[in-house]
Structure formats: C-alpha cells, structure tokens
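Q: predicted coordinates and the sequence they were generated for:
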Amino acid sequence: MLMSLISNKNDVLVIEDSLATTLLLRDFLKKLGYENVETCNSGKTGINLFSELERAGKNPIVLLDFHLPDMDANEVMTQIFNIKPDAKIILETADSKSDEPIKNALRSGAYLYIEKPIRYENLKNIFETLEQEKSILEEKPSDNTSVILSHMNSLKNASLARLAESIGVESNLIEKYLLQLENEKKIIKTYDVKEISCIKCNSVRISLHFFCPSCGNYNFGQGKLIEHFKCGNVSTENSYKENKCPKCKKEIKILGVDYKTMDNYYICNDCNNKFSEPSQNYVCAKCGNIFQLENAHWITSTGYKII
C-alpha cells in the first residue's frame with residue numbers, strides 16, 4: 001500500500017493557474033497523505049517558492065501546469081532544474097502525450113505527465129511510482145536493475161545516454177544492467193537514438209525554447225492578423241470589434257476587397273511585434289546553458305523499450 005511505503009512524505013508544490021484544479025489537487029493529495037502542499041498560479045512565483053523550499057532543506061515534488069499565463073512550462077522546468085537537477089516535475093495538461101511540446105518536455109527531464117481533467121486514481125498511481133522509486137533508492141541502492149526498470153516504466157522508451165544520466169551510472173556499467181533486463185525479457189533494444197547534448201556539460205536533458213525575434217521574450221501568442229487596405233492597419237483579428245477597423249473605425253466587409261487575413265501569425269505580448277515564425281534556441285536543463293542548433297553536440301546511443 002502507498003501509506004506503508006514511506007512515512008515521511010515529500011512536500012508538494014502545485015504551480016497551476018486554475019483555482020478549481022488547485023483545490024482538487026490539494027484535496028487528492030491530502031487523501032494520499034501529503035499535508036505540506038504549497039500552491040501558486042504563475043511560473044515566476046513557482047520558481048521562487050521552489051527555491052525557498054530547497055533552501056529550507058525540503059525536496060518538493062512539483063505539479064506543473066503546462067499552459068501558464070506568464071511563462072512557458074519548459075522555461076519553468078529549466079529554472080527549477082538549475083536549482084535542483086534531479087527535481088521531480090509532473091506536467092499537468094489536456095494535450096496528448098504524442099504532441100511534440102509534451103514529448104519535448106518529457107525528453108527535457110519532466111518525470112511524468114498527468115492528463116486533465118485530473119482523476120484521483122491517475123494521481124495516486126503517479127505518486128505510488130514516485131514513492132516506490134524512492135524506497136528502492138533508499139533501501140536497495142545496489143539493485144540498479146530495479147531502478148532502471150522503475151525509471152523506464154515512466155518513460156516507456158529511453159536511450160542509453162538518457163538512462164545513464166538520469167540514474168547517475170556510467171554508460172559502460174549501465175549496459176551490463178540493461179543486458180540483464182534483456183535476458184530476463186523485461187526490455188528490448190529498439191534503434192539507435194541520435195540526441196543533442198549540451199556543449200558545456202554534455203547533458204542530454206535539452207529543451208527547445210521559442211521566443212519573440214524582436215525582444216527575446218517568451219510571452220507571445222498565436223493568432224490571425226487582418227490588414228485593412230484603406231488605412232493600412234495591421235492588427236489581430238480580435239481587435240476588429242464588430243468588423244470595424246480599430247484605427248480608422250471603418251467597417252470591413254469583403255475579404256480580398258476591403259481586407260486580407262494572415263493566418264498562423266504570432267504576436268508578442270511584451271513588444272507587440274508580429275512575426276510568422278518564432279526564434280528558437282536550446283536550453284540545457286542541467287547547467288542552464290543556451291545554444292543554437294548549429295553549435296550543438298550530437299551523440300548516438302542505443303534505444304530501449306520496456307516490454
């Protein structure tokens with residue numbers, strides 16, 4: 001049972017902008033025996049709270065809303081990993097696990113993700129896995145195959161390089177444990193995985209970040225732009241209230257005659273810049289180094305999948 005695995009529960013930090021979801025999580029966590037739960041509704045506040053908990057000697061588990069109003073979830077993860085590289089971060093999202101941003105976050109070091117709407121049983125299963133891993137690490141430090149298997153249960157697929165870094169075992173040593181698990185028919189080799197690694201610390205916990213090409217901030221949104229031919233105004237679709245141009249107040253009527261639309265544009269909420277493609281860079285979750293793709297190191301290692 002969950003309660004019998006460990007008596008000293010970790011603190012939990014919930015970074016979630018929905019009050020209803022926050023209250024639900026607090027209630028669920030209380031049922032699971034977690035009494036020390038900190039909550040906040042923004043990424044910046046969450047990073048500060050995490051830092052305070054770490055300084056106080058806590059080891060908080062983080063429940064992170066993937067869509068926050070002030071920061072990209074990957075940026076929040078990067079700053080938390082700068083404070084504690086082995087932090088356990090669980091993403092909350094209604095997006096599919098197959099969506100590229102979610103896959104990128106998991107590759108960057110997120111422990112697991114939980115689907116919204118959040119169900120008690122799903123949350124319970126995740127925290128049981130967390131506590132089982134903690135029990136294995138504390139009580140059976142020599143049983144590396146159990147640690148590897150437990151880690152792969154959360155990832156399903158993983159490269160040799162990523163497993164070695166996550167578990168803290170040299171690649172040549174972890175290969176012996178992986179061979180043992182192969183012989184026991186618990187995992188199989190898949191294909192060679194080519195990954196980007198940090199040019200400073202060689203970590204493979206790398207996330208792709210997007211930002212405004214003008215001011216460099218992450219605070220932008222995607223939408224449709226409308227250009228009014230008569231006065232030359234170009235602004236977002238929702239600025240044309242009742243089909244009237246926000247600049248000259250004239251009504252726009254016929255597409256192609258009065259105005260044209262530009263789909264899938266991005267608008268920066270800080271500098272109001274409008275752009276068709278955001279700029280991007282890679283951020284190391286271990287050391288915080290920021291670099292471009294052309295400067296990246298590439299490594300190749302064997303991939304494994306749990307059976």
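A: Okay, I see it. Please read all numbers here as calculations on a predicted model, not as lab measurements.

Q: give me the number of residues near K58?
A: 15 (other Cβ atoms under 10 Å). Quick note: C-beta positions are derived from backbone N, CA and C, even for glycine.

Q: which non-adjacent residue is nearest it?
A: D11 (4.6 Å; Cβ to Cβ, 6 or more residues apart in numbering).

Q: roughly how far does that neighbour sit from S146?
A: 26 Å (Cβ to Cβ, to the nearest Å).

Q: try W298
A: 31 Å.

Q: please say which of these two ends up with more neighbours.
A: Neighbours per residue (other Cβ under 10 Å) separate W298 from S146, with S146 holding more: 17 against 8.

Q: ramachandran angles for the more buried one?
A: phi -70, psi -40 (degrees, to the nearest 10).

Q: and V193, by the same measure?
A: Residue torsions, per degrees, to the nearest 10, at V193 are phi -110, psi 120.

Q: okay but V37 is in contact with V12, surely?
A: Yes. Contact criterion Cβ atoms under 8 Å: V37 and V12 qualify, at 4.8 Å.

Q: what's the overlap in contacts for those two?
A: L29 (Cβ atoms under 8 Å, 6 or more residues apart in numbering).

Q: out of these two, which sits in the busier spot?
A: V12 (24 against 20).

Q: look up how far L91 lies from that one.
A: Taken as Cβ to Cβ, the span from V12 to L91 is 14 Å.

Q: ok, the nearest residue to D258 once chain neighbours are set aside - contacts?
A: Of all residues not flanking D258 in the chain, I252 sits nearest, at 4.5 Å (Cβ to Cβ, 6+ apart). For I252, the contact set (Cβ under 8 Å, 6+ apart) comprises 226, 228, 240, 243-245, 258-259.

Q: over to I89?
A: I89 neighbours (Cβ under 8 Å, 6+ apart): 62, 64, 77, 80, 109-111.

Q: sweet, I'm off.
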